[in-house]
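A.B. asks: missing the sequence, but the structure's below:
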C-alpha cells in the first residue's frame, strides 16, 4: 500500500502533499435491559489527500483508488483557490521525514477473539449490573475500533501504524418510586482485549453507587472547599484548560491568545499539567500523528506558568513554536486537527489522607456527568459526592454542579495528592470524535468552588 501512495503522490504538482490510507473495522454490541438489542461489525476504508500549493492548503477525502487522479486535480485546484482568496499563506513547520512501522503488542488482540465471546462477556457484565430489584434498566455495550493506517508524503515520510481500542461501557439506572438515579460505568483501553476480563468489581461498584444515590441527599448549594477525585479533576483539566492549549482554538482569538501566551502565570505554583500520548498501553497512546509526526510529551503548565501548547505543522509555523505530533483525525473521512492525547495533572506531594485533613470540612466530589465551557468559564456535573466533616467522609450527596472560572480555579488548587491515575475510557468531540483522548489526575483540593444544589 505504501508504494501505491508514493506513486499517487509522485503525480502531485504541489509544494507539499501527503496521502493517508486506512482501513477501519468497528464492532458494536448493545444490551438494553436484559435484551441484546444491537450487533454491528463493519469494515470501511478510504484516503485523505492534502495539498499545499502557493500558500493554499486543501484537503480531499476519497474512497476508491481509481479516483486518485481526479482527487489530485480537485485538491490542487482547491489549493489554488484558497491561496487566491486568503490574506495569509499557509506555511508548514519543518519536520523530520520519518520512515517507520509500528504495530502495538497487545495483551490479546481483539481481532483474534470471536464475536460470540465478546457478546457473552458484555452480557455477563450487563446481568451483574442488573442484579437488584431497584435497578430499573441498564444500557451496556461493547465497542471495538481498529484503524490500520498508512501514510506517505512528498517529503519522504512513510509511516504504518495500527490503533486498536476496546471498551465495555454504559449507563446503570436505579429507581425507587418517582426517584430515578443513574451512573456511568466504563472499562477499556488500547492495550488489548485482556483489560476487559475480570472487571466484575467495577460493575459491582457502580451498581452500589447508583443504589446508594436513591438514599442520598441533594448537595447544599453555595461556595465550598472541595476535593475532586482523579476522574473529575482529569475532566476539568481536559475541558476547562486543555482545549485552550490547542493552538487552532486560540490563534484567531486575540483575547485568548494574549491570556494564553507562553510565560503567563495561570495557576497555583504547585500545579503542573502535561499532555503525553507516549505512555504505552494507555487509552491516548499513539506513536505518530496523522501528519506523520512523532508524538512528543508536551509540558503545558509548569509551576502554574504556561510553558507549551499543542500543534499541527501549520500552527507550529504560525506561532513559531516546536511541532509536537498532536494533529489527529477521527478516521479516513477527515483531515487531521489538533487534539489532546493524554492530558493530566502531575502527582503532588500530599497523601490522600493529608488532603482530607487539609480540607477539614467540605465536599468530596467524584466522576464527571456532563458539562460545558463558555470561554474561560465552565459548568460540570458530577455523578455523586460526600460531605466531609473534620477530614472524614460522611453522607453521600447528589445533584451536584460545579461552576467557575478557569483561571481562578487553577489559582485555587491548593493541594495535590500523589495518587495519580489515568482514565481507561474517554473521548473528545471537538470538530470530530476522538475516542482515544485520555485524561487523568491525582486527587486535588480546590478552595471556594461554587456548587449548585439545594
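C.D. replies: Right, received. Where do you want to start? Quick caveat, the model's predicted, so the values are computed rather than measured.
A.B. asks: list the contacts of stretch 422-434.
C.D. replies: Stretch 422-434 is contacted from outside by 167, 169, 186-189, 195, 230-231, 234, 238, 243, 246, 249, 279, 282-284, 328-330, 334, 337, 339-340, 342, 344, 435-440, using C-beta atoms under 8 Å, 6 or more residues apart in numbering. To be clear about C-beta, it is placed using only N, CA and C from the backbone, and glycine gets the same treatment.
A.B. asks: in the stretch 351-454 of the chain, what spans have low per-residue confidence?
C.D. replies: Scanning the stretch 351-454 of the chain with the threshold set as pLDDT under 70 gives 453-454.
A.B. asks: can you show me the strands along it?
C.D. replies: 362-374, 377-389, 392-398, 400-405, 413-416, 421-422, 438-441, 444-452 (DSSP state E, counting those that start in this stretch).
A.B. asks: partners of the fifth one, with directions?
C.D. replies: Looking at strand 413-416 with DSSP bridges, its partner strands are strand 444-452 (antiparallel).
A.B. asks: got it, and the first one?
C.D. replies: If you go by DSSP bridges, strand 362-374 pairs up with strand 222-228 (parallel), strand 377-389 (antiparallel).
A.B. asks: the longest one to strand 392-398, inter-axis angle?
C.D. replies: Strand 377-389 and strand 392-398 meet at an angle of 130 degrees, taking axes from the mean of the first three to the mean of the last three C-alpha atoms, to 10 degrees as the criterion.
A.B. asks: gap between strand 377-389 and the chain center?
C.D. replies: In terms of C-alpha atoms, centre = their mean, to the nearest Å, the centre of strand 377-389 is found 21 Å from the chain centre.
A.B. asks: and the nearest residue to residue 383 once chain neighbours are set aside, what does it touch?
C.D. replies: Closest residue in space to residue 383, ignoring its immediate chain neighbours: residue 367 at 4.0 Å, by C-beta to C-beta, 6 or more residues apart in numbering. By C-beta under 8 Å, 6+ apart, residue 367 lies in contact with 183-184, 229, 231-232, 382-384.
A.B. asks: give me the below-cutoff pLDDT ranges for the chain.
C.D. replies: Filtered on pLDDT under 70, the chain yields the residue ranges 453-454.
A.B. asks: okay, domains of it per the record?
C.D. replies: 2-212, 217-452 (automatic domain parsing).
A.B. asks: just to revisit the earlier point, just name the closest of the contacts of residue 367 to residue 215, please.
C.D. replies: The shortest gap between residue 215 and any of the contacts of residue 367 belongs to residue 384, at 11.5 Å (C-beta to C-beta).
A.B. asks: from residue 119, how far out is that closest one?
C.D. replies: Computed with C-beta to C-beta, to the nearest Å, the distance linking residue 384 and residue 119 is 31 Å.
A.B. asks: ok, now residue 4?
C.D. replies: 37 Å.
A.B. asks: also residue 200?
C.D. replies: Per C-beta to C-beta, residue 200 is found 17 Å from residue 119.
A.B. asks: which one of these two is surrounded by more residues?
C.D. replies: residue 119 (15 against 11; other C-beta atoms under 10 Å).
A.B. asks: I'd assumed residue 41 was in contact with that one.
C.D. replies: No - using C-beta atoms under 8 Å, residue 119 is not in contact with residue 41, being 11.3 Å away.
A.B. asks: show me what contacts the closest residue to residue 179 other than its chain neighbours?
C.D. replies: Closest residue to residue 179 apart from its sequence neighbours, by C-beta to C-beta, 6+ apart: residue 214 at 5.9 Å. With contacts defined as C-beta under 8 Å, 6+ apart, residue 214 is in contact with 134, 174-176, 179, 181.
A.B. asks: repeat the analysis, applying 6 Å as the threshold.
C.D. replies: Neighbour list for residue 214: 174, 176, 179, 181 [criterion: C-beta atoms under 6 Å, 6 or more residues apart in numbering].
A.B. asks: tell me the secondary structure for the residue nearest to the second one when sequence neighbours are not counted?
C.D. replies: In space, residue 176 comes closest to residue 214 once its chain neighbours are excluded; the distance is 4.6 Å by C-beta to C-beta, 6+ apart. Under the three-state scheme (DSSP: H, G, I helix; E, B strand; the rest coil), the conformation of residue 214 reads as coil.
A.B. asks: how much space separates residue 214 from residue 208?
C.D. replies: From residue 214 over to residue 208 (counting by C-beta to C-beta), the distance is 11 Å.
A.B. asks: give me the common contacts of the two.
C.D. replies: In contact with both residue 214 and residue 208: no residue, using C-beta under 6 Å, 6+ apart.
A.B. asks: so residue 316 sits in a helix?
C.D. replies: Yes - assignment of residue 316 by three-state DSSP places it within a helix.
A.B. asks: give me the number of residues near it?
C.D. replies: If we define neighbours as other C-beta under 10 Å, then residue 316 has 25 of them.
A.B. asks: the nearest residue in space to residue 191 that is not next to it in sequence is in what secondary structure piece?
C.D. replies: What sits nearest to residue 191 in space, not counting adjacent residues and going by C-beta to C-beta, 6+ apart, is residue 281, at 3.9 Å. For residue 281, there is no enclosing helix or strand under DSSP states H and E.
A.B. asks: residue 281 against residue 192, yeah?
C.D. replies: No - applying C-beta atoms under 6 Å as the test, residue 281 and residue 192 come out as separate, 8.5 Å apart.
A.B. asks: so between the two, which is more surrounded?
C.D. replies: For residue 281 and residue 192, the more surrounded residue by other C-beta under 10 Å is residue 192, and the numbers stand at 19 against 14.
A.B. asks: and that one, what does it touch?
C.D. replies: 106-108.
A.B. asks: now with 8 Å?
C.D. replies: Residue 192 makes contacts with 106-110, 164, 166, as judged by C-beta under 8 Å, 6+ apart.
A.B. asks: which of those fall within strands?
C.D. replies: The strands, defined by DSSP state E, take in 164, 166 from the contacts of residue 192.
A.B. asks: ok, residue 203 to residue 50 distance?
C.D. replies: For residue 203, the distance to residue 50 (C-beta to C-beta) stands at 43 Å.
A.B. asks: buried subset of the contacts of stretch 422-434, written for ChimeraX?
C.D. replies: Filtering these down to the buried ones (16 or more other C-beta atoms under 10 Å) takes a single ChimeraX command:
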select :167,169,186,187,188,189,195,230,231,234,238,243,246,249,279,282,283,284,328,329,330,334,337,339,340,342,344,435,436,437,438,439,440
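A.B. asks: ok, and for stretch 277-297, which residues are buried?
C.D. replies: 277-279, 282-296.
A.B. asks: I meant stretch 175-195, not that one.
C.D. replies: 175, 181-193, 195.
A.B. asks: which of those residues lies closest to residue 148?
C.D. replies: The closest of these, once distances to residue 148 are taken by C-beta to C-beta, is residue 190, at 14.1 Å.
A.B. asks: so the closest one versus residue 166, what's the distance?
C.D. replies: Taken as C-beta to C-beta, the span from residue 190 to residue 166 is 8 Å.
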